[in-house]
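Participant: Fold the following for me, if possible:
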Amino acid sequence: MTKRGSEPKCRDIVGLLADYLDGSLDPPTARTLQAHLEGCAPCVAFVNTYKGTIKAARQLKEADIPPELKDRLISFLRQRMP
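Facilitator: Purely as a prediction, here's the structure:
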């Protein structure tokens, strides 16, 4: 995350958020991230928004996406993949 002994910056949190939320961060990094969240209201707000986005995305069903939009989205994503 950052140099040992230094406090993480908000930008460090963003890159670790998915692993933090699914519980796959190593314990020391998770504790450091949690400590940062306890003192950083903007990061707490970001985490809550991130969680809400995940929850909303999980509620989507494939049938809810019109076929032409699905095709366009898949094409778009394939163009962006390395």
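
Participant: rest of the way, CA atoms for contacts and neighbours
Facilitator: Noted.

Participant: how far does stretch 27-47 stretch from start to finish?
Facilitator: Using C-alpha to C-alpha, to the nearest Å, one end of stretch 27-47 lies 18 Å from the other.

Participant: average pLDDT across that stretch?
Facilitator: What stretch 27-47 shows for mean pLDDT is 93.

Participant: gap between the residue lying closest to Ile13 once chain neighbours are set aside and Ala57?
Facilitator: Computed as C-alpha to C-alpha, 6 or more residues apart in numbering, the closest residue to Ile13 that is not its neighbour in sequence is Leu33, at 6.7 Å. Per C-alpha to C-alpha, Leu33 is found 24 Å from Ala57.

Participant: Also Tyr20?
Facilitator: Distance, Tyr20 to Ala57, using C-alpha to C-alpha: 18 Å.

Participant: who's more crowded, these two?
Facilitator: Taking other C-alpha atoms under 10 Å, Tyr20 and Ala57 do not tie; Tyr20 has more neighbours (19 against 10).

Participant: and that one, what helix or strand is that in?
Facilitator: For Tyr20, the host element (DSSP states H and E) is helix 10-21.

Participant: list the buried ones in whichever helix or strand comes after that helix?
Facilitator: The C-terminal neighbour of helix 10-21 among helices and strands, as given by DSSP H and E, is helix 27-38. Residues 30, 32-33, 36-37 are the ones in helix 27-38 that count as buried (16 or more other C-alpha atoms under 10 Å).

Participant: name the helices or strands packed onto the helix or strand that helix 27-38 is followed by?
Facilitator: The helix or strand immediately downstream of helix 27-38 is helix 41-59, counting by DSSP H and E. In terms of contacts (3 or more C-alpha pairs under 8 Å, 6 or more residues apart in numbering; DSSP states H and E), helix 41-59 is packed against helix 10-21, helix 27-38.
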